[in-house]
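Asker: sequence? don't have it. structure:
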């Protein structure tokens, strides 16, 4: 069984996060017809989230490599001053995916949410709705993209 280290990212993790997310985009999202990765922009995105939110890193201790991450921040509803936590993205490499690990990551987000609602938008064509239902998310609609 693989040993994992789950921790909050720091600036020193940006390079590893960049490589993980670039691989995710190129392999797992290859069928989504997204534009190419701009490395400068990706690094800026990661630095920005270290300032305005949190990045949870999931590391495989056997290989010392990142195998997943969760990027989130607090914001407000567009129509209210009510706070909300937005999970910008969550990714775990297929080999390591499990309900238990997803629940552990979500619990980390919940601890930092101050009991505010947590939302997650799926824009990647990955059909994993049953997992999110089991975790307690309610389907509030769909994402549509004109191609």
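Answerer: Good, I have the coordinates. Keep in mind that this is a model prediction, so the values were computed, not measured.

Asker: pull out the buried positions in the biggest strand by length in the chain.
Answerer: Counting by DSSP state E, the longest strand found in the chain is strand 65-76. For strand 65-76, the buried set under the neighbour-count rule, 16 or more other Cβ atoms under 10 Å, comprises 66, 67, 68, 69, 70, 71, 72, 73. To be clear about C-beta, it is placed using only N, CA and C from the backbone, and glycine gets the same treatment.

Asker: check stretch 6-15 too.
Answerer: Across stretch 6-15, burial judged by 16+ other Cβ under 10 Å covers 9, 13, 14.

Asker: can you say which helix or strand has the spatially most central residue of the chain in it?
Answerer: Centroid-nearest residue in the chain, with Cα atoms, centre = their mean: residue 90, separated by 2.1 Å. Per DSSP states H and E: residue 90 is located in strand 83-92.

Asker: name the residues that touch the following helix or strand past that strand?
Answerer: Toward the C-terminus, strand 83-92 is succeeded by helix 99-112 as the next helix or strand (DSSP H and E). Applying Cβ atoms under 8 Å, 6 or more residues apart in numbering, the contact partners of helix 99-112 are 4, 6, 54, 56, 58, 68, 70, 72, 85, 87, 90, 92, 118, 131, 134-135.

Asker: lowest pLDDT pick from the residues you listed?
Answerer: The member of the contacts of helix 99-112 with the lowest pLDDT is residue 131, at 70.

Asker: is that residue in a helix, a strand, or coil?
Answerer: helix (DSSP: H, G, I helix; E, B strand; the rest coil).

Asker: share the number of residues neighbouring it, please.
Answerer: When neighbours are counted by other Cβ atoms under 10 Å, residue 131 registers 15.

Asker: pull out the buried residues from stretch 80-99.
Answerer: 84, 85, 86, 87, 89, 90, 91, 92, 93.
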